[in-house]
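>>> I'd like to go over a predicted model; first the sequence, then the structure.
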Amino acid sequence: MPGCARHNIDSLLKEVGESLKLGVSHFVLFPKIADNLKDNLGTAASDPKGLLTFGLMLHSTHIRIRDMMGFYGPFRDALDSAPRPAGPGEDAPPPKDKKTYQMDPANSKEALREAALDELEGADMLMVKPGLPYLDIISALRTESQLPIAAYQVSGEYAMLKAAAANGWIDEKTAVLETLVSFRRAGASCILTYYAKQAAIWLNESQ
């Protein structure tokens, strides 16, 4: 996606350092794990030579409220998990969508019920993704839960804004900041977005 890149340890630390100076305070890592290293226990995440372990030590019990929607395409492409034929050594191809393990986007009660169960199981944060299509869920969770609520502006949301701006259909800065404000207005405690660094630059320029 435009403005996004894969990082090694050195470039990651540089990017984090620059972003910290701009006021970005939290970071999420999405390492590319080789398919043959993946298992149901996620043991590759603790690989001492892996990006997660070597770059930043993270501990969380965050739970995601993730609906089955069509906004994950660019991210799935980046991780080679987009729909395709089965590759060498694979028993089956990646699923063509997320219907088998994500919630019905038309059923808001299911999202609230699952969030309540996650909270009972010890979640310390509830994350809603995609963000913009589910502002109502963010707002409802803010009313129902005392936990921090995170809104994740996923790859498809980012890509739509980038594409519209590149074609001159919207003013990128105005549209992006408006969407980020909408997350906060709905009740999000924090926002995860691929625009984090650029948004911080824009906000610093306006001060």
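Received the coordinates, thanks. Numbering: from 1, shown residues only.
>>> where along the chain do the strands fall?
Taking DSSP state E as the criterion, the chain contains strands spanning 63-66, 126-129, 149-153, 190-193.
>>> Would you mind measuring from residue 114 to residue 141?
As judged by C-beta to C-beta, to the nearest Å, residue 114 and residue 141 stand 11 Å apart. The way it works is simple: take the backbone N, C-alpha and C, and place the C-beta from them, glycine included.
>>> Those two - which one has more neighbours?
Neighbours around residue 114 and residue 141, counted as other C-beta atoms under 10 Å, are more numerous at residue 141. The numbers are 25 against 16.
>>> Contacts only, for the residue lying closest to the more buried one once chain neighbours are set aside.
Among residues not flanking residue 141 along the chain, residue 149 sits closest, at 5.2 Å (C-beta to C-beta, 6 or more residues apart in numbering). Residue 149 makes contact with 125, 126, 127, 128, 138, 141, 142, 187, 188, 189, according to C-beta atoms under 8 Å, 6 or more residues apart in numbering.
>>> hmm, try it at 7 Å
Residue 149 is in contact with 126, 128, 138, 141, 142, 187, 188, 189, counting by C-beta atoms under 7 Å, 6 or more residues apart in numbering.
>>> so which of the residues you listed comes closest to residue 157?
Proximity to residue 157 was ranked across those by C-beta to C-beta; first place goes to residue 128, at 12.1 Å.
>>> if we can go back for a sec, rebuild the strands of the chain as JSON lines, extending it with mean pLDDT and distance to residue 30.
Below are those laid out as JSON lines (pLDDT from 0 to 100; distance: least, C-beta to C-beta, whole Å):
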{"stretch": "strand 63-66", "mean pLDDT": "51", "distance to residue 30": "13"}
{"stretch": "strand 126-129", "mean pLDDT": "92", "distance to residue 30": "13"}
{"stretch": "strand 149-153", "mean pLDDT": "95", "distance to residue 30": "11"}
{"stretch": "strand 190-193", "mean pLDDT": "94", "distance to residue 30": "11"}
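>>> Quick check: which of the ones you listed is nearest to residue 118?
Ranking the strands of the chain by proximity to residue 118 (C-beta to C-beta) places strand 63-66 first, at 3.9 Å.
>>> Indicate which one of the strands of the chain is closest to residue 102.
Ranking the strands of the chain by their distance to residue 102 (criterion: C-beta to C-beta) puts strand 63-66 first, at 5.2 Å.
>>> re earlier: if you rank the contacts of residue 149 by neighbours, which is first?
Most surrounded of those: other C-beta under 10 Å gives residue 128, at 28 neighbours.
>>> And the pLDDT at residue 202?
As predicted, residue 202 sits at a pLDDT of 96.
>>> any idea how far residue 105 is from it?
Computed as C-beta to C-beta, the residue 202 to residue 105 distance reads 31 Å.
>>> One more: residue 120?
According to C-beta to C-beta, residue 120 stands 24 Å off from residue 105.
>>> which of the two has more neighbours?
Neighbour totals were compared for residue 120 and residue 105, and residue 105 leads with 16 against 8 (other C-beta under 10 Å).
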